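A.B. asks: fold the following, please.
(one chain, ligands or ions: 1)
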Amino acid sequence: MMGVIGEPTDAERRVWQARDMIRALAMQWFGQGESHRFTVTTMRTGLVLSDPLDMLRATVLVRRVASAQERAYACDARGAGWSWAEVAGVLGFAEWDEPEVLAFEHVAERGGRPGVRRESVSWRCTSCEQRVTDTGPFGSHPTDVESGHAEACARHRAEIAAWVERTGWGQ
Ligand SMILES: [Zn+2]
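C.D. replies: Below is the predicted model of the structure:
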């Protein structure tokens, strides 16, 4: 949706709200008595802690939590049937080479540290309710990529059927 000239866009409002949330959490966690004051931030005036290091502490904690949530929700999305390419689009990787691979590698990072990766991630399939081990968008046959679906899982059967259709190979 386009914003009126001079009016903040929805995207800008969301950034402000996220900023306000982080600031409110910082006050709650580290604010006490006289330790906060009004100050001018880049966007507007607001109450912040007098020690920027406390603001930084709160922000780092929020980033760590958000980063773990990002991985957890990406796995939930895989469980709900979204592809790695679709997850990659939300993660902002769509314009890069092999976005689906980047998305998997991002989600498989151990503790959010780049380069330290699990070989697979796991999620609960919302179609068959089983826990599935997902080795990423590298394999060919769906069964090589996702193990753990129930024999009768409609989603997994549809993926196999689509793969057979696509490749023209037998199962
Ligand atoms: Zn399943």
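
A.B. asks: can you tell me the element the spatially most central residue of the chain falls in?
C.D. replies: The centroid of the chain falls nearest to E70 when counting by CA atoms, centre = their mean (2.7 Å). Per DSSP states H and E: E70 is located in helix 52-79.

A.B. asks: check which element follows that helix along the chain.
C.D. replies: For helix 52-79, the following helix or strand on the C-terminal side (DSSP H and E) is helix 84-91.

A.B. asks: P52 and P8: what is the separation?
C.D. replies: P52 is 25 Å from P8, where distance means CB to CB, to the nearest Å. Quick note: C-beta positions are derived from backbone N, CA and C, even for glycine.

A.B. asks: now the helix holding E70: buried residues?
C.D. replies: For helix 52-79, burial by neighbour count (16 or more other CB atoms under 10 Å) applies to 54-55, 58-59, 71, 74-75, 77-79.

A.B. asks: could you list the contact residues of the chain toward the ion?
C.D. replies: 125, 127-128, 149, 153, 156 (CB under 5 Å from the ion).

A.B. asks: pLDDT below threshold where in the protein?
C.D. replies: 1-4, 32-46, 111-112, 170-171 (pLDDT under 70).

A.B. asks: cutoff 50 now
C.D. replies: Scanning the chain for pLDDT under 50 picks out 33-34.

A.B. asks: quick one, helices of it?
C.D. replies: 10-30, 52-79, 84-91, 99-108, 142-145, 154-167 (DSSP state H).

A.B. asks: select, out of these, the one closest to T133.
C.D. replies: Minimum separation from T133 across the helices of the chain (CB to CB) falls at helix 142-145, 9.4 Å.

A.B. asks: check which helices and strands the closest one sits against.
C.D. replies: If you count contacts as 3 or more CB pairs under 8 Å, 6 or more residues apart in numbering; DSSP states H and E, helix 142-145 packs onto helix 154-167.

A.B. asks: if you set the cut-off to 10 Å instead, what comes out?
C.D. replies: strand 131-134, helix 154-167 (3 or more CB pairs under 10 Å, 6 or more residues apart in numbering; DSSP states H and E).

A.B. asks: V107: what's it in contact with?
C.D. replies: Neighbouring residues of V107 by CB atoms under 10 Å, 6 or more residues apart in numbering: 70-75, 77-78, 84, 87-88, 91, 117-118, 121, 123, 134, 136.

A.B. asks: columns mean neighbour count and distance to F30 on top of the helices and strands packed on helix 142-145, output as TSV?
C.D. replies: Output for the helices and strands packed on helix 142-145, formatted as TSV (neighbours: other CB atoms under 10 Å; distance: least, CB to CB, whole Å):
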stretch	mean neighbour count	distance to F30
strand 131-134	18	39
helix 154-167	14	46
